[in-house]
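Colleague: Quick one, structure for this:
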Amino acid sequence: MNRQLFFRLALDFIATGLFVLALAFEWFGSLVHEILGTVFFLLLIAHITFNRRWFASVPKATQNRRRLVTTLINLSLVVACVALLVTSLMISRDLFWFLRLDGDFLARQIHTLSAYWMLVIVGIHLGMHWFMIMVAARVLLNITSRSRLRTWALRGLTMLGAAHGILASLETNLGNKLILYFTFSYWDFDADWLRFLANYGAIITLYAAIGHYGNIKLQGKSKRRGSAGKGRRKAGVSASA
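Modeller: So this is what the prediction gives:
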């Protein structure tokens, strides 16, 4: 595994961390929020550039269910990113004030909605590429042997993180935020900012677990369908013979 892939994965995890930090708007204030968002988008552009060949595979998305789901998740991420970027420029008051784009209340709503949907989609996207991340982690840590204990320990930690993600979703009113339901609940950063970060990290873990295990299930179905298709073709050849 080459250094470029490690570099790309490091940038992706940094971008995810910056995105979570940017959600703490009330804590940092407008200027820091916009700086974090700008760096996040620069890293996102780098991510898209590194993976630009993926767009050529979009027309083949209907070849199997797994590829179709992956394509839909990735395209949803692109749509959310575009919405987030456009609205961020419209409502900017510090970094991009010179653009003088008059963003109204609707632009702010769309910005917030896109941000929380990105939280979900980023988690699923991360989970669907978890095999590659684990391979990189094994190489980085020089792990060459298999261990059932390690495997079940990691699964246990994932399940604990996902369970925390469910509770955190309730505590942060994530469901309401995903449907633009107005709420007066705000996080008290002076009291517990570490819990805020832990909650949103757990929410990403929850959806990463959904993406990872959903991907495994889709891979299993694709293999079964592939085996069934080969069996039918062999039967057809035998019958014609």
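Colleague: Against Ala46, how distant is the spatially most central residue of the chain?
Modeller: Centroid-nearest residue in the chain, with CA atoms, centre = their mean: Val122, separated by 1.2 Å. Distance of Val122 to Ala46, given as CB to CB, to the nearest Å: 15 Å. No exception for glycine: its C-beta is placed from N, CA and C like everyone else's.
Colleague: One more: Asn199?
Modeller: From Asn199 to Ala46 the distance is 28 Å (CB to CB).
Colleague: Would you mind telling me which of those two has more residues around it?
Modeller: Asn199 (20 against 15; other CB atoms under 10 Å).
Colleague: Tell me, what's the model's pLDDT at Lys235?
Modeller: Residue 235: Ala, not Lys. We have a pLDDT of 42 for Ala235.
Colleague: do Gly175 as well
Modeller: 89.
Colleague: Tell me how many other residues crowd it.
Modeller: So Gly175, with other CB under 10 Å, has 11 neighbours.
Colleague: Return the set of buried residues in the helix or strand hosting it.
Modeller: Take DSSP states H and E as the rule and Gly175 turns out to sit in helix 174-178. Buried residues in helix 174-178, counted by 16 or more other CB atoms under 10 Å: Leu174, Lys177.
Colleague: Check which helices and strands that helix sits against.
Modeller: helix 105-128 (3 or more CB pairs under 8 Å, 6 or more residues apart in numbering; DSSP states H and E).
Colleague: Downstream of the helix it packs on, the next helix or strand is which one?
Modeller: helix 130-140.
Colleague: what's in contact with that next one?
Modeller: Met1, Leu5, Phe6, Leu9, Leu126, Ile143, Thr144, Ala208, Gly211, His212, Asn215 (CB atoms under 8 Å, 6 or more residues apart in numbering).
Colleague: filter those to the buried ones?
Modeller: Here, 16+ other CB under 10 Å leaves Leu9, Leu126, Ala208, Gly211, His212, Asn215 buried among these.
Colleague: give me phi/psi at the fourth one?
Modeller: Okay, so that is Gly211. For Gly211, the backbone dihedrals (degrees, to the nearest 10) come out as phi -60, psi -40.
Colleague: Next, the contact list for it, please.
Modeller: Ile73, Gly123, Ile124, His125, Leu126, Gly127, Met128, Trp130.
Colleague: quick one: pLDDT of the closest residue to it other than its chain neighbours?
Modeller: For Gly211, ignoring the flanking residues on the chain, the nearest one in space by CB to CB, 6 or more residues apart in numbering is Gly127 at 2.6 Å. With respect to pLDDT, Gly127 has a value of 92.
Colleague: what's the neighbour count on Gly127?
Modeller: Gly127: 25 neighbours (other CB under 10 Å).
Colleague: Just confirm it contacts Tyr207, I think it does.
Modeller: Yes: with contacts counted by CB atoms under 8 Å, Gly127 reaches Tyr207, the gap being 6.7 Å.
Colleague: Run through the protein and note the low-pLDDT ranges.
Modeller: 1-2, 103, 182-191, 221-241 (pLDDT under 70).
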